[in-house]
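Visitor: here's a sequence, model it:
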Amino acid sequence: MTEPIDAPPSAGVSKYPLLATPHIHLHGPVDHAMYESFRQQIANAPQQGSLVVAISTLGGDPEVARLMGDELRLLRAFKDREILFLGTRAGVYGIAPLLVAFCFGLEPRPAMLLVPFIGVLTGIGFAALGMLFSAMATTFDDLSYVISGVITPLFLVAGTFFPIDGLPEWAQVAAQFNPLYHLVELVRSAVFGFEIGSDAVHLAVLVVYGLLTWRLAIAWLERRVIV
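Guide: Predicted coordinates for the structure are as follows:
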């Protein structure tokens, strides 16, 4: 996923050849070691022109992530530099359960190749949701309430562990607003066969969810930046 902060979504590698050679490479957990590497690479990067940041991580300390984000935004605001990001995440892990299922007799289907893309689409929305909660949280402990109060209930009404039909009616209605439910349904359709009408709705919900959380995350992050 490639997105310049102040450029239109259509901007890509052809417009920004520097995306092939980022100035700052960050990988591993988001911690103080990553922050030290971040500071060192910023000091060594060119002082003029676009600054390209490549990051690959499974998460970590939200305070450190917020600190790096604030420094980049201040750099953009006061030195008028364009900041571009290359972000990667382990979305392909979504095919691991399929590999296990193959060992128990599940028949491979061509549509299963769509599973990683479904995972990436959902992951974009949850990555933005993580940014939103990180911007809203005042302490690291606040994020523990997100796990118990948001993420866990989403899993329980997603049809991941037991059929939605067996839940109370109110929970079945709530599942329709749960992006994980629509993810599960799309993956099942990729495995057992698509139903164009219902699966189009599932796909639309994931797209809307990603766009909504993305815009909310940007709005909250901008509120935290002092310019």
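Visitor: what is the least confident helix or strand in the protein?
Guide: Counting by mean pLDDT, DSSP states H and E, the weakest-scoring helix or strand in the chain turns out to be strand 2-4, with a mean of 42.
Visitor: with just CA atoms, put the helix or strand that it is followed by into PDB.
Guide: If you walk from strand 2-4 toward the C-terminus, the next helix or strand you reach (DSSP states H and E) is strand 24-27. Output of strand 24-27 as PDB, limited to C-alpha atoms (Å, rounded to 0.1, in the frame of the first residue of the first chain):
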ATOM      1  CA  ILE A  24      14.100   5.300   5.700                       C
ATOM      2  CA  HIS A  25      13.700   1.500   6.300                       C
ATOM      3  CA  LEU A  26      11.900   0.400   9.400                       C
ATOM      4  CA  HIS A  27      11.100  -3.200  10.300                       C
END
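Visitor: report all helices and strands that strand 24-27 contacts.
Guide: helix 32-44, strand 51-56 (3 or more Cβ pairs under 8 Å, 6 or more residues apart in numbering; DSSP states H and E). C-betas here are computed from N, CA, C, even on glycine.
Visitor: might you list the low-confidence residue ranges for the protein?
Guide: By pLDDT under 70, the weakly predicted segments of the chain are 1-20, 58-59, 77-94, 139-141, 224-227.
Visitor: could you report the neighbour count for residue 150?
Guide: 11 (other Cβ atoms under 10 Å).
Visitor: contact partners for it?
Guide: Residue 150 sits next to residue 133 when contact means Cβ atoms under 8 Å, 6 or more residues apart in numbering.
Visitor: part of a helix, is it?
Guide: Yes - according to DSSP: H, G, I helix; E, B strand; the rest coil, residue 150 belongs to a helix.
Visitor: let me know how buried the nearest residue to residue 30 once chain neighbours are set aside is, in neighbour terms.
Guide: Nearest residue to residue 30 in three dimensions, chain neighbours excluded: residue 60, at 2.9 Å (Cβ to Cβ, 6 or more residues apart in numbering). For residue 60, the count of nearby residues is 15 (other Cβ under 10 Å).
Visitor: assess the claim that residue 60 and residue 29 are in contact.
Guide: Yes - contact criterion Cβ atoms under 8 Å: residue 60 and residue 29 qualify, at 4.1 Å.
Visitor: how about the lengthiest helix in the chain: buried residues?
Guide: Longest helix in the chain by number of residues, with DSSP state H as the criterion: helix 196-224. Using 16 or more other Cβ atoms under 10 Å as the test for burial, helix 196-224 gives 199, 202, 203, 205, 206, 209, 210, 213, 214, 216, 217, 221.
Visitor: okay, now the domains of this structure?
Guide: Domain segmentation of the chain under automatic domain parsing yields 1-88, 91-227.
Visitor: follow-up on the earlier one: now the helices and strands packed on strand 24-27 as TSV including mean neighbour count and distance to residue 181?
Guide: As requested, these are exported to TSV (neighbours: other Cβ atoms under 10 Å; distance: least, Cβ to Cβ, whole Å):
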stretch	mean neighbour count	distance to residue 181
helix 32-44	14	34
strand 51-56	20	28
